[in-house]
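Asks: next input, structure requested:
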Amino acid sequence: MKKSDSRIVKTKMSGDDNQNIGALLERVRDLVQAARKSAANTINSLQVITNFEIGRMVVEHEQQGVQRAVYGKLVLKTLSEQLTAEFGRGFSKSNLE
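Replies: Residues are numbered from 1 along each chain as shown. From the prediction side, this is the model:
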């Protein structure tokens, strides 16, 4: 049931049963929300690490042992096109730069 879904399942229960179910529902809701938040945080962290590693790999490729590299526009353009074709948004040339 989505947060915005206002449907409530009605069954014949005593007041105590309703309170118990309400408490259970609240605990289950809290658990699902905590799991979703944790998953989102983990994904965000992995994306940051992935982006850092992509940048590191591009720099190493471009520098090839030299102290400072002149970044090849063609390399970033080609990499951007191929990554975008394979993975979708998020790999524009400016993002890779």
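Asks: please enumerate the helices of the protein.
Replies: Secondary structure of the chain by DSSP state H: the helices cover 15-63, 73-87, 93-96.
Asks: going by mean pLDDT, which of those helices comes out lowest?
Replies: Across these, helix 93-96 has the smallest mean pLDDT, namely a mean of 83.
Asks: check which helices and strands it sits against.
Replies: In terms of contacts (3 or more Cβ pairs under 8 Å, 6 or more residues apart in numbering; DSSP states H and E), helix 93-96 is packed against helix 15-63, helix 73-87. (Glycine included, C-beta is placed from N, CA and C.)
Asks: repeat that with 7 Å
Replies: helix 73-87 (3 or more Cβ pairs under 7 Å, 6 or more residues apart in numbering; DSSP states H and E).
Asks: distance of the one residue sitting closest to the centre of the chain from Lys37?
Replies: Nearest to the mean C-alpha position of the chain, counting by Cα atoms, centre = their mean, stands Ile43 at 3.8 Å. Using Cβ to Cβ, to the nearest Å, Ile43 is found at 11 Å from Lys37.
Asks: and Ser92, by the same measure?
Replies: 28 Å.
Asks: these two: who's more crowded?
Replies: Neighbour totals were compared for Ser92 and Lys37, and Ser92 leads with 13 against 10 (other Cβ atoms under 10 Å).
Asks: quick one, phi psi at the nearest residue to Thr84 once chain neighbours are set aside?
Replies: Nearest non-adjacent residue to Thr84, counting by Cβ to Cβ, 6 or more residues apart in numbering: Phe91, 4.8 Å away. Torsion angles at Phe91 (phi, psi; degrees, to the nearest 10) stand at phi -120, psi 40.
Asks: give me the neighbour count for Val28.
Replies: Residue neighbour count, defined by other Cβ under 10 Å, stands at 10 for Val28.
Asks: please apply the same query to Glu62.
Replies: Residues contacting Glu62 under the criterion other Cβ under 10 Å number 15.
Asks: let the chain start at 719 from now.
Replies: From this message on, residue numbering opens at 719, which makes the last subject Glu780.
Asks: now Gly773. Nearest residue, chain neighbours left out?
Replies: Counting by Cβ to Cβ, 6+ apart, Gly773 lies nearest to Leu814, which is 7.6 Å off, once chain neighbours are set aside.
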